[in-house]
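[1] Return atomic coordinates for the entry below.
(4 chains)
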Number of protein chains: 2
Amino acid sequence: MSQPSSAPATSGPRARTRRAILDAAVSTLSKDVSASLGEIAKVAGVGRTTMHRYFPERSDLLIALTADADEHVNAAYERARLADGPASAALSRLCQELFELGETLQLLFNNPQLLTGTPWENDSESDPELVQLFERGRADGTLDPELDVDWAQQVFWALLYAAWMHALDSCVPKHTVLNQCLRTLTKTFGNADQGS
Amino acid sequence: MSQPSSAPATSGPRARTRRAILDAAVSTLSKDVSASLGEIAKVAGVGRTTMHRYFPERSDLLIALTADADEHVNAAYERARLADGPASAALSRLCQELFELGETLQLLFNNPQLLTGTPWENDSESDPELVQLFERGRADGTLDPELDVDWAQQVFWALLYAAWMHALDSCVPKHTVLNQCLRTLTKTFGNADQGS
DNA sequence: CAAATCTGGAACATCAGTGTTCCATTGAGA
DNA sequence: TCTCAATGGAACACTGATGTTCCAGATTTG
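    From the prediction side, this is the model:
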C-alpha cells in the first residue's frame, strides 16, 4: 500500500501535506459546509486521491478538522490567561485571541455541532471557562452583573462573528474592525456603575 | 396537464399548498440549507411531485422563498415605523418586529446571498433604512455617535440572531430572551452621554 | 544507483438528489 | 352523478459527489 505512515509526526512531508489539507478544508468549509472534497483538494493543491489517503472518508476529515479547531481555540483561551487581572480585561484579551482564528471561528460559529467541548448534555452552549469568567466579572465588579451568563456567552460569540464578517466584506482593515469590536464589547459587557 | 393555474390568488387550495411548502422550506432550510427537496416535501405534508408542480426547480423555490422572506422583513420594517419618536425607541421596535420572524430571520442571517435589498454593489450589507435610522439617532442624540454605521448594522443583526438562537436552545421563554436582547441592544447602541 | 515512499491522474461502481412522465385516486363544484 | 383540477406514488434517466483500485511518474532515502 502507499499509505502515509500512521506516525503522528509533527514535521516531515506527511505532516505538511496534512496541514495543507486541513487549512484548505477550514478555508473552504467556512464558506460552504457542503463543499465537495474535490474543491477542498483543489484549494489544498493536492490530488483527490491523496486526500483520501490522509482522510479515507469525509467524516474522517471532519473529525480531524474539529480536533484541530478545538486545539486552536484552546490555545487562544490559554494565551488569553482568563484568570489574570480584571475580568473585563481578560474578556478583551480573549476576544482578540479568538478574532485571530478568523476562518476557524467562522466555521465553528456556523457549525456549532463541531465543537466538542464536553459532550455531556451540552448541545451548543455553556463553556465552563467563559461562565467562570463572567462570574468573576460579577464578583470583581468589572462586568455587568445584570447579564444572564448564558445570554452573555451567546452575545460574545455573535459579536466575535460579526466582527469577522465585517472584516471580510467591508474594506476596513482588520485591526480597525477589532478595535470597534473591543469598544462595543466593553460597552456591552462592562459594568456601568463602575469604571469600565 | 395537472398544473395549478398560474393565477397568483391569495386564497383557495392552491395558495394554501403553496404557503405550506414555503413555510416548510423556511423551517427546513433554516436548519440546513442543503436539505433535500424530499425532506421539505415531507415537512410540508406534500408529495415531492406536487412540490415540483409549484416550483419546477430548486432554484424556483429559492427565488420564491427569497421574495416571501423579503416581504416579511419589509412588513416588519413598516410596522416598526422607524421615522416615529426617538431613534433609540424605533430601533427597539424594529428589533421586536424582526425577532418575531424567527426561522425566517435565521435563514436570512445564514444566507445573506438571499437578501435582495437592492442588487447594486450591495454584497451583503448597507440597508438604507437602517443607515438612516442610525444617522437620525446620532442627530437626535439617542444613539451612540461613535459607532460606525456599517459596524452597527452588523452588530444589530448579530444580536438579533443571537437572541433567536438563544431562544431555540435555552429553555428560557421567548419573551424573556427578547427582553434580554432589548436591554443589551439599548446598552450597546444607546448614547451614554444622554438618557438612554 | 536502487529501493522505498509518496503522489496524482484515470477509470470504475455506487449512491443520493434531482427532474420528468405516467397513472390511479381524491374531492370539490357544475 | 359527472367532470375536472389537484394530488401523490411509482418508475425512470441523469447528474454530481463519493470511495476504491490501479498504475506511472516523482521524490526521498539508503
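
[2] Name all residues that make contact with residue A:96.
    Residue A:96 makes contact with A:80, A:178, A:182, according to CB atoms under 8 Å, 6 or more residues apart in numbering or on different chains. For glycine as for every other residue, the C-beta is placed from the backbone atoms N, C-alpha and C.

[3] wait, which of those residues is closest to residue B:31?
    residue A:178 (31.3 Å; CB to CB).

[4] ok, is stretch A:183-191 in contact with chain B or not?
    Yes: contact of stretch A:183-191 with chain B (CB under 8 Å from any CB of the partner chain) involves A:183-184, A:187-188.

[5] For the residue most central in space within chain A, give me its contacts.
    Residue closest to the average C-alpha location in chain A (CA atoms, centre = their mean): residue A:105, at 3.5 Å. Going by CB under 8 Å, 6+ apart, residue A:105 touches A:98-99, A:160-161, A:164.

[6] What distance do you get for residue A:160 to residue A:145?
    22 Å (CB to CB, to the nearest Å).

[7] ditto for residue A:188
    Counting by CB to CB - residue A:188 and residue A:145 are separated by 14 Å.

[8] Which one of the two is surrounded by more residues?
    Per other CB atoms under 10 Å in any protein chain shown, whichever of residue A:188 and residue A:145 has more neighbours is residue A:188, with 20 against 13.

[9] burial count for residue A:192?
    The number of residues near residue A:192, taken as other CB under 10 Å, comes to 10.

[10] ok, now residue A:32?
    Residue A:32: 12 neighbours (other CB under 10 Å).

[11] Check residue A:128 too.
    Neighbour count of residue A:128, defined by other CB under 10 Å: 10.

[12] Repeat that for residue A:59.
    Residue A:59 has 9 nearby residues by other CB under 10 Å.

[13] if we can go back for a sec, just to be sure, the residue nearest to the centre of chain A is in a helix?
    Yes: checked against DSSP: H, G, I helix; E, B strand; the rest coil, residue A:105 lies within a helix.

[14] quick one: the helices in chain A?
    A:12-31, A:37-44, A:48-54, A:58-80, A:87-99, A:103-110, A:128-140, A:149-169, A:174-189 (DSSP state H).

[15] Serialize these to a markdown table and add fields for mean pLDDT.
    Formatted as a markdown table, the helices of chain A follow (pLDDT from 0 to 100):
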| stretch | mean pLDDT |
| --- | --- |
| helix A:12-31 | 92 |
| helix A:37-44 | 97 |
| helix A:48-54 | 97 |
| helix A:58-80 | 96 |
| helix A:87-99 | 98 |
| helix A:103-110 | 96 |
| helix A:128-140 | 95 |
| helix A:149-169 | 96 |
| helix A:174-189 | 98 |
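
[16] pLDDT wise, what is the nearest residue to residue A:133 once chain neighbours are set aside at?
    Counting by CB to CB, 6 or more residues apart in numbering or on different chains, residue A:133 lies nearest to residue A:82, which is 5.1 Å off, once chain neighbours are set aside. Note on residue A:82: pLDDT of 97.

[17] My guess is residue A:82 contacts residue A:129. True?
    Yes: Residue A:82 is within contact range of residue A:129, at 6.1 Å (criterion: CB atoms under 8 Å).

[18] Between those two, tell me which one has more neighbours.
    residue A:82 (18 against 14).

[19] From chain B, how far off is that one?
    21 Å (CB to the nearest CB, to the nearest Å).
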